[in-house]
Structure formats: structure tokens, C-alpha cells
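# here's a sequence, model it:
(2 chains)
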2 protein chains.
Amino acid sequence: MNATPSSTTLTFTTEQRLDDGVLERRFTLNEVPGILWTPPGAASAPVPLLLLGHPGGQDRMYPRLAGRARRAAADGFASATIEGPGTGDRPRDADADRARADLRAARAAGEPVTDDIVDRLVLPLVDQAVPEWRSALDTLLAQPGIRGPVGYSGGVIAVGVRLAVVEPRIVAAGLFAGSFVPRATLDEARRVTVPLHVLLQWDDEGNDRQAALDLFDAFGSAEKTLQANLGGHTGVPAFAAADAARFFARHLR
Amino acid sequence: MNATPSSTTLTFTTEQRLDDGVLERRFTLNEVPGILWTPPGAASAPVPLLLLGHPGGQDRMYPRLAGRARRAAADGFASATIEGPGTGDRPRDADADRARADLRAARAAGEPVTDDIVDRLVLPLVDQAVPEWRSALDTLLAQPGIRGPVGYSGGVIAVGVRLAVVEPRIVAAGLFAGSFVPRATLDEARRVTVPLHVLLQWDDEGNDRQAALDLFDAFGSAEKTLQANLGGHTGVPAFAAADAARFFARHLR
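From the prediction side, this is the model:
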């Protein structure tokens, strides 16, 4: 079920012009729902593309995704997101649900979240999501108004790390250290060489701060920045979002 | 010898207009040398003030200090620095020299730098430098063209921490985590409440990364940002300097 489809079918389902002139189009790509935002003027002069990662639940995440997309458009970039495996309206996965239940049980019992739980929770997601992002990239880069270079922004951090390693069209990644880091991801991090901007919420309830620091240390990139801010998982300050946007402006223009 | 002077004598010794219109004036303030930079136009509309900290050796540090001063002027701020106790042309201190010799000996022997050495190296410096900065602040804020609010930028980090605790005119601090952190400074950090932007060079040869992370964790401020970048002590990237400048633009304007 994780194989990259040999042919892709892109269908635009809805289209609206946001008040700042950004064109927002929802699509499905081989039954994976997604959203594409393009800035005014992209039709005549193709623009770079920013992939917007998220923890799953594209509709639940919509307000924040649209905010990031508008900022990207203001900087002259198209942006796109796709629904994660097993989240939103996509069919759930029994193994992932079991891993999530084990995670909840460990937390409720005050026990540590084991490497085994993290692996079962995250690695199958990475294995499935990364080919889907790459397939989306093939299709989106073929659309009028969009060209490279490509950046990846956001979570799930293990997905971003794998993409940064295997997808040469991604030239810069802005990662959000707000989810579990499998041991295998720590190893993969050493092979990342693109410029990185890593956001960490210092008091993220559900996050292991030391794991995030170890991951940052492991990245092989010659340019890497960790920006840690006070606050919980959803409390990224506006100025931190602006700093992250400037990182992409430096690397995608 | 560490008492704040009851009266201060400010003498401007040289004056030059830099090519971007910034007025640079060297001064002595009770025999402490310093430099004041004011942006063009400050004479008619007084501007905020940024104190530029450094590790000591104002002339050796001049190129970098002048760069920071020009950036501050471009953002609409005056800036000033003073020579550190026992550095540059100021009389050396026998105790500080002994602590530095002990530090070098420990390093040469591959031994850890003890808390005792750090305390002897840094705490007397803090005790002497902080009243000198406060005295400079009294005098500089009385100059035409300069008003508050005031920011402190740079190292020595223990000096910046003490100043942020005791000097109410300082409303924001951008600290450089590139020098030793005495245990007492870690305790003081909990009493800091102003917005903070802390720069850390991830591979700083002479710096204890964990001590810097512990210090960041200890700060009591509701807004605090740690920005860590790859590289050694002197390798702060240009974009990190720009982010730090934006921090002050947010808080001093």
C-alpha cells in the first residue's frame, strides 16, 4: 500500500480567490486531498514552491495552514499541503491506531514512551507520507505558474528529515521539532545537507526537548539554525514565524 | 575600587562622521574609555539607546562594534560601548590575571574548568562592570539626542544578566552565550523578566553548550528566544545578526 503510484491523477475540486489575491485550490491526487495556494501574478511568472507539512487533519489545521500560505504568497512563493496518511478524511490505519492507543496508555500510567511505541507510531507514517509528498511534487511542479526551487516547512519532523535526505528538489527545510523522533530519524539526520531552520517550543508538553536538541546536533547541514521560544506546542510567536519565513526568502528566491 | 562614583566626568575626545552619516564620538567617563554612535537626525528627534557589550578590548573589537553600531543607527537607535574592567588600555587586575592563568593551565592540562576558576574570572568583572555601565547610562541618557528605552546587546553574558536584573531602564536584552556562566549567574537569571534574545554558537570552542542551555532555561522572562547557529565563537552568521537587530527593533521602538 505504500508504493508510489505509477500514474497520478490530479483533480482540482474547488477554487477561491482570497482577499489578498491568493488563489486557493483544493485538489485530490490519487485520492489524497490537498490544497494549493498561488500568489497573484504566478500565472505570468512562475514561482518557487513551499510544501507545508502538518501533523495530520488538513481541515482542522486549515486556519494555520492558510496563514502560512498567505505569508508564503506575500514572499512570492506558491505553497501546497496534502493530507497525512490515516488522518482527516483518509482511511484510518489499524496499526497506527494501536500505536496511538499504546502511547496514550503509557502516558496515562506515567510510564516513559518507549522507542518501540515511537517507531510504530512514526516510521510507517514516514514510509507512506514521503512517497506521497514526492508524487505531489512531481505533479505540482508540472502546473503552470509553479517552478522550483522547493522548500519543506513544518512537521511531522521525521517526514521532513526523510524528505530532505531523499528528495533532491528540496533545497531548504524549516522543521518544527514538536513530534517524536525515532532513533532511525536521528541516524538519517546526519545525511541531511540542505540549510535548516528548526523551531522548538521550549515547553512543548508532548515533546522531548533533549531529543530535539540531539536531532539538531545530528544534522549534517553546514547551515543550521535552532530557534527555541518559550511556550507550549501551539504557542509559536508571530516573530518566530516571521524569522522562519525570512529563512525561506533567503533560500528559495 | 568597585564603588559607583558619586560624580561623573564625561569628556568627548574625538569625533568623526562615518560615511553613512553616523556620528561616532569617543569619550572617557571617569577614566573609562567608550564610544558613542548616534544616527543622523538624532539631534532633532531623540532616539532609543542600545548598549553594546563585548568581551573586553574595545579597540580590538572596534570593527565588529562599529558594524553593530551602524546597524543600530539604521534601525534608528543610538548605541554606546565602554571598555571592560582590566582590558584594553585600562589597568590590569592581578586577581583577574591569576584566574585567567589558572584557566589556561586547566585547559592545557586537559582538566575541567572548575566553578572556582569561573567565579574568580567572571564575578569580580560583573561586580565592577555593572556599576560602570549604569553610570554610563546616567550620563548618556542626559546627552541631547538620546532618550530611552535602553537595550543591552552582546556579552559578557554574566554582565548582561546582572544588568537586566538591577537596571530598570533596560527593557530588552540580546545576550551572546559565549562566555562562562558562574553558578550565581544561573540563580540571577531566574529574576530576569525583560524580553530576551539569546545567541548561541553551537560549536563554540571555549563555551559549555549545556551551561548555555541551562541558563536559557533558567531565565524568568515571559518572552525569551534562543537562536543557536552552527559554527564557532566568532562565526555568528549575518542572518543571525539581522534577527537580533529585529528583536531590538520590536522592543525599543
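# dump the residue contacts of residue A:29.
Applying CB atoms under 8 Å, 6 or more residues apart in numbering or on different chains, we find residue A:29 in contact with A:8, A:9, A:10, A:11, A:82, A:135, A:136, A:139. From N, CA and C alone the C-beta is placed, and that goes for glycine too.
# now the spatially most central residue of chain A. Its backbone dihedrals?
When CA atoms, centre = their mean is applied to chain A, the residue found nearest the centroid is residue A:53 (1.8 Å). The phi and psi torsions at residue A:53 (degrees, to the nearest 10) take the values phi -80, psi 160.
# thought residue A:161 was touching it, still the case?
No: contact criterion CB atoms under 8 Å: residue A:53 and residue A:161 do not qualify, at 10.9 Å.
# returning to that earlier point: how close does the residue nearest to the residue nearest to the centre of chain A when sequence neighbours are not counted sit to residue B:36?
Of all residues not flanking residue A:53 in the chain, residue A:154 sits nearest, at 3.6 Å (CB to CB, 6 or more residues apart in numbering or on different chains). Taking CB to CB, to the nearest Å as the measure, residue A:154 falls 45 Å from residue B:36.
# kindly report the same for residue A:70.
43 Å.
# which one's more surrounded, the two?
In this view residue A:70 and residue B:36 are compared by other CB atoms under 10 Å in any protein chain shown, and residue B:36 has more residues nearby, 26 against 19.
# the strand or helix carrying that one pairs with which strands, parallel or anti?
Using DSSP states H and E, residue B:36 falls within strand B:32-38. Paired neighbours of strand B:32-38 in the sheet (DSSP bridges): strand B:23-29 (antiparallel), strand B:78-82 (antiparallel).
# in CSV, list these along with mean pLDDT.
Output for these, formatted as CSV (pLDDT from 0 to 100):
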stretch, mean pLDDT
strand B:23-29, 97
strand B:78-82, 98
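# count of residues packed around the closest residue to residue A:181 other than its chain neighbours?
The shortest distance from residue A:181 to any non-neighbouring residue, by CB to CB, 6+ apart, is to residue A:211 (4.7 Å). Counted by other CB under 10 Å, the residues lying close to residue A:211 total 19.
# mind saving the C-alpha coords of whichever helix or strand residue A:211 is part of as CSV?
Using DSSP H and E, residue A:211 maps to helix A:209-218. Listed next in CSV are the C-alpha coordinates belonging to helix A:209-218 (Å, rounded to 0.1, in the frame of the first residue of the first chain):
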residue,chain,number,x,y,z
ARG,A,209,13.3,18.7,24.5
GLN,A,210,16.6,16.7,24.7
ALA,A,211,15.6,14.6,21.7
ALA,A,212,15.1,17.8,19.7
LEU,A,213,18.5,19.1,20.8
ASP,A,214,20.1,15.8,19.9
LEU,A,215,18.4,15.9,16.5
PHE,A,216,19.6,19.4,15.8
ASP,A,217,23.1,18.4,16.8
ALA,A,218,23.0,15.4,14.4
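# list the buried residues in it.
Residues of helix A:209-218 classed as buried: A:209, A:211, A:212, A:213, A:215, A:216, A:217, A:218 (neighbour count, 16 or more other CB atoms under 10 Å in any protein chain shown).
# the strand holding residue B:36: what's the following helix or strand?
Using DSSP H and E, the first helix or strand after strand B:32-38 is strand B:47-52.
# tell me what angle that following strand forms with strand B:78-82.
On the basis of axes from the mean of the first three to the mean of the last three CA atoms, to 10 degrees, strand B:47-52 is oriented at 30 degrees to strand B:78-82.
# strand B:47-52 pairs with which strands?
Partners of strand B:47-52, by DSSP bridges, with direction: strand B:78-82 (parallel), strand B:146-154 (parallel).
# out of those, flag the one nearest residue B:31.
Nearest to residue B:31, of all those, is strand B:78-82, at 10.8 Å by CB to CB.
# tell me the SS of residue A:97?
Per DSSP: H, G, I helix; E, B strand; the rest coil, the secondary structure class of residue A:97 is helix.
# who's in contact with the residue nearest to it when sequence neighbours are not counted?
Distance criterion CB to CB, 6+ apart; nearest residue to residue A:97, sequence neighbours excluded, is residue A:86 at 7.9 Å. Residues in contact with residue A:86 (CB under 8 Å, 6+ apart) are A:56, A:92, A:93, A:96, A:97, A:125.
# make it 10 Å
By CB atoms under 10 Å, 6 or more residues apart in numbering or on different chains, the residues touching residue A:86 are A:56, A:92, A:93, A:94, A:95, A:96, A:97, A:100, A:124, A:125, A:128, A:129.
# how close does it sit to residue A:132?
Taken as CB to CB, the span from residue A:86 to residue A:132 is 12 Å.
# now the helices for the stretch 151-253 of chain A?
Shown for the stretch 151-253 of chain A, the helices assigned by DSSP state H, counting those that start in this stretch span residues A:157-166, A:183-189, A:209-218, A:238-252.
# near chain B, which residues of the stretch 151-253 of chain A are found?
A:195-198, A:200, A:202-203, A:209-210, A:213, A:216-217, A:219, A:221-231, A:237-240, A:242-243, A:246-247, A:250 (CB under 10 Å from any CB of the partner chain).
# winner for burial among the helices of the stretch 151-253 of chain A?
helix A:157-166 (a mean of 25; mean count of other CB atoms under 10 Å in any protein chain shown).
# that one - what's its average pLDDT?
Mean pLDDT, helix A:157-166: 97.
# next, the angle from it to helix A:209-218.
Between helix A:157-166 and helix A:209-218, the angle comes out at 10 degrees (the same axes, to 10 degrees).
# and helix A:157-166, what does it pack onto?
strand A:47-52, helix A:115-140, strand A:146-154, strand A:170-176, helix A:183-189, strand A:196-201, helix A:209-218 (3 or more CB pairs under 10 Å, 6 or more residues apart in numbering or on different chains; DSSP states H and E).
# can we see that at 8 Å?
helix A:115-140, strand A:146-154, strand A:170-176, helix A:183-189 (3 or more CB pairs under 8 Å, 6 or more residues apart in numbering or on different chains; DSSP states H and E).
# what's the most buried one of the ones you listed?
Of those, strand A:170-176 is the most buried (mean count of other CB under 10 Å), at a mean of 25.
# parallel or antiparallel, list what pairs with that one.
Short version: by DSSP bridges, strand A:170-176 pairs with strand A:146-154 (parallel), strand A:196-201 (parallel).
# from the chain's centre, how far out does that strand sit?
9 Å (CA atoms, centre = their mean, to the nearest Å).
# how big is the angle separating it from helix A:115-140?
Using the same axes, to 10 degrees: strand A:170-176 against helix A:115-140 is 140 degrees.
# can you list contacts of strand A:170-176?
For strand A:170-176, the external contacting residues (CB under 8 Å, 6+ apart) are A:51, A:53, A:148-155, A:157, A:160-161, A:163-164, A:192, A:194-199, A:236, A:244, A:247-248, A:251-252.
# list the contacts for the residue of the stretch 51-200 of chain A found nearest chain B?
Closest residue of the stretch 51-200 of chain A to chain B, CB to the nearest CB: residue A:200 (8.3 Å). Counting by CB under 8 Å, 6+ apart, residue A:200 touches A:177, A:178, A:207, A:209, A:212, A:213, A:216, A:226, A:227, A:228, A:229.
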